[in-house]
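Peer 1: Would you be able to build a 3D model of this:
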Amino acid sequence: MITDVPEISARHLDAQYWIDKTDHADTPLLTPKAIEHLNQNTFKQQSELVQLAELPAQYAKSQLLEMINKVSSVPAYERFFADGRQLSEKDYTRYRNNMNLDGLKQSNTLRYALVTNRTTMRRFPSHDKAYNAEMDPDIDRFIETGLFPGDALAVLHQSKDGKWLLAQAYHYLAWIPAEDVAIGSKAQVLGFRQTESFVVVTGAKVFTNYNPELPQLSEKQLDMGVRLPLLDNHQVDHSLYGQNPYTSYVVSLPYREDDGSLSIKPALISKNQDISTGYLPFTRENIIRQGFKFLGERYGWGHDYNARDCTGFVSEVYRTFGILMPRNSGQQGKGQYGINQHFDANAAEQDKLAAITNMDVGDLAYIPGHVVMYLGNDNGKPYVIHDVHGMSYLDKDENYYKGILNGVSVTPLLPMRLSESSSYVDKIYTIKSIR
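Peer 2: As a prediction, the model looks like this:
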């Protein structure tokens, strides 16, 4: 195989190769009960994670102003539009005017919603894309994260043009397009995921069956980790939208009515799609298989490009086991959940290399702004899978080489560099094991 990625051959791109090298590949690492306990502790330990059910019914004007000012602050650095024009005070004033601050009441009632289409949360109530001085077209600095059908939201405020909602997901607060959510009661929204029978999307992306009667439910994309209630065939009288459901999963999906309100409707997902009834067992083999299902997908900062970034990648893999994490790499890497080995700026390289030697499949190594997932050791060298933008290393002649990956990639860990003067290993500040 001809590639500029160092120390890579075709075998490294085969999930089975790594599974065959893994001891106790099919041994469960945590039971479902232990995962439930882990999640409970994670929410207690991580202040950025929110239990939507525990939010107050009302917010004071001063509280919302503080939240909006934090979420939608003017960046400390210059930002540019794609045509090279620098954003001005006038642009930020336009965004601020659409935040509808004059529409805040002294007491504001919290509403609830379910996401109906894959969408993204943004810094401002605007679709404008903005870039830093390097003008990298792949990094829109105003995008925050992605959300998926069935994700629950607490809605705090609406923009002046009515097209945006300030919404709190379990792991993020930002602006979301109103057209991608449906407003329902608290019980309806929070009860959606609380069914005993459910399916989890275990493919990178799956799609509902074609639906000639309800286009909104037709061939709808569902990303890895999406959890949906599972229905029995008899609940739809063995016929749904003109199709016998016996060769499909019958699931419930949130549906946006014309007035923006929420209803729950059945939909079909063919059994040839990559779906699991219940969460996958949390094993080393399944960690590898789930990670490799994204192999080659283009990098998508903040879930842009209908894809995901480094933390989105690891989060969606772990969601197939029912494990929840904070959104950003800093929150994950500095978080106290799991088993952590932290390194300060003065940590010796040999201490980090010793810790890397002891990494287990699925362990996560954090460097500033990035995370990699450990696959295993090959010929004495550690390898990782990660969703990564750039690539650099020192070639065999010790010359600095800078290339591009821009997708979910398998690489050796030790040669990878952040710059000519520092390697990934130099900058590792946490190695985390999810246990």
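Peer 1: next helix or strand past the helix or strand harbouring V314?
Peer 2: Mapping V314 onto the secondary structure by DSSP states H and E places it in helix 310-319. Proceeding C-terminally, helix 310-319 gives way to helix 329-334 as the next helix or strand, assigned by DSSP H and E.
Peer 1: just to revisit the earlier point, I'd like to know which elements the helix holding V314 is packed against.
Peer 2: Contact partners of helix 310-319 among helices and strands, from 3 or more Cβ pairs under 8 Å, 6 or more residues apart in numbering; DSSP states H and E: helix 284-292, helix 329-334, strand 370-378, strand 381-394. All C-beta atoms are positioned from the backbone trio N, CA, C, and that covers glycine.
Peer 1: can you give me the helices for the protein?
Peer 2: Residue ranges of the helices in the chain, as given by DSSP state H, are 15-20, 32-45, 61-71, 89-98, 186-191, 284-292, 310-319, 329-334, 349-357, 424-427.
Peer 1: looking at the ones you listed, which is closest to Q273?
Peer 2: Of all the helices of the chain, helix 284-292 sits nearest to Q273, with 15.2 Å by Cβ to Cβ.
Peer 1: neighbouring contacts of the closest one?
Peer 2: Contacts to helix 284-292, defined as Cβ atoms under 8 Å, 6 or more residues apart in numbering, come from residues 15, 18-19, 22, 24-27, 29, 202, 224, 280, 313, 317, 320-321, 360-362, 373, 375, 385, 408.
Peer 1: quick check: angle from that helix to strand 381-394?
Peer 2: For helix 284-292 against strand 381-394, the angle by axes from the mean of the first three to the mean of the last three Cα atoms, to 10 degrees is 30 degrees.
Peer 1: Helix 284-292: how far from the chain's middle?
Peer 2: Mean C-alpha position of helix 284-292 versus that of the full chain (Cα atoms, centre = their mean, to the nearest Å) differs by 17 Å.
Peer 1: cool, and stretch 408-420?
Peer 2: Offset of stretch 408-420 from its chain centre (Cα atoms, centre = their mean): 22 Å.
Peer 1: Find the nearest non-adjacent residue to the residue positioned nearest the centre of the chain, please.
Peer 2: By Cα atoms, centre = their mean, the mean C-alpha position of the chain lies nearest to G312, the distance being 3.0 Å. Spatially, and ignoring its direct neighbours in sequence, G312 is nearest to H303 (5.5 Å; Cβ to Cβ, 6 or more residues apart in numbering).
Peer 1: which residues in the stretch 151-300 of the chain form strands?
Peer 2: 152-158, 164-168, 173-177, 181-184, 198-201, 205-207, 221-223, 227-231, 248-256, 262-270, 275-277 (DSSP state E, counting those that start in this stretch).
Peer 1: before we move on, the earlier item: could you measure the residue nearest to the centre of the chain against G300, distance?
Peer 2: As judged by Cβ to Cβ, to the nearest Å, G312 and G300 stand 8 Å apart.
Peer 1: just Q216 next, same as before
Peer 2: Remark: distance between Q216 and G300 (Cβ to Cβ) = 24 Å.
Peer 1: okay, these two: which has more neighbours?
Peer 2: When Q216 and G300 are compared for neighbours, G300 comes out ahead with 23 against 15, by other Cβ atoms under 10 Å.
Peer 1: any idea of the pLDDT on the more buried one?
Peer 2: Model confidence at G300, expressed as pLDDT, equals 97.
Peer 1: Once you drop chain neighbours, what's closest to it?
Peer 2: Leaving aside its chain neighbours, G300 sits nearest to A307 (3.1 Å; criterion: Cβ to Cβ, 6+ apart).
Peer 1: And stretch 197-212, how far out from the chain middle?
Peer 2: In terms of Cα atoms, centre = their mean, the centre of stretch 197-212 is found 17 Å from the chain centre.
Peer 1: Which pLDDT does the model give the closest residue to A53 other than its chain neighbours?
Peer 2: Leaving out its chain neighbours, the residue that sits closest to A53 by Cβ to Cβ, 6+ apart is L190, at 5.5 Å. Predicted confidence (pLDDT) for L190: 98.
Peer 1: With H234 instead?
Peer 2: pLDDT, H234: 89.
Peer 1: what about P368, distance to Y337?
Peer 2: 20 Å.
Peer 1: So between these two, which is more surrounded?
Peer 2: Neighbour comparison, P368 and Y337: the larger count goes to Y337, with 22 against 12 (by other Cβ under 10 Å).
Peer 1: what about the closest residue to the more buried one other than its chain neighbours, neighbour count?
Peer 2: Of all residues beyond its chain neighbours, the one nearest Y337 is T42 (4.0 Å), with distances taken as Cβ to Cβ, 6+ apart. The number of residues packed near T42 is 19, by other Cβ under 10 Å.
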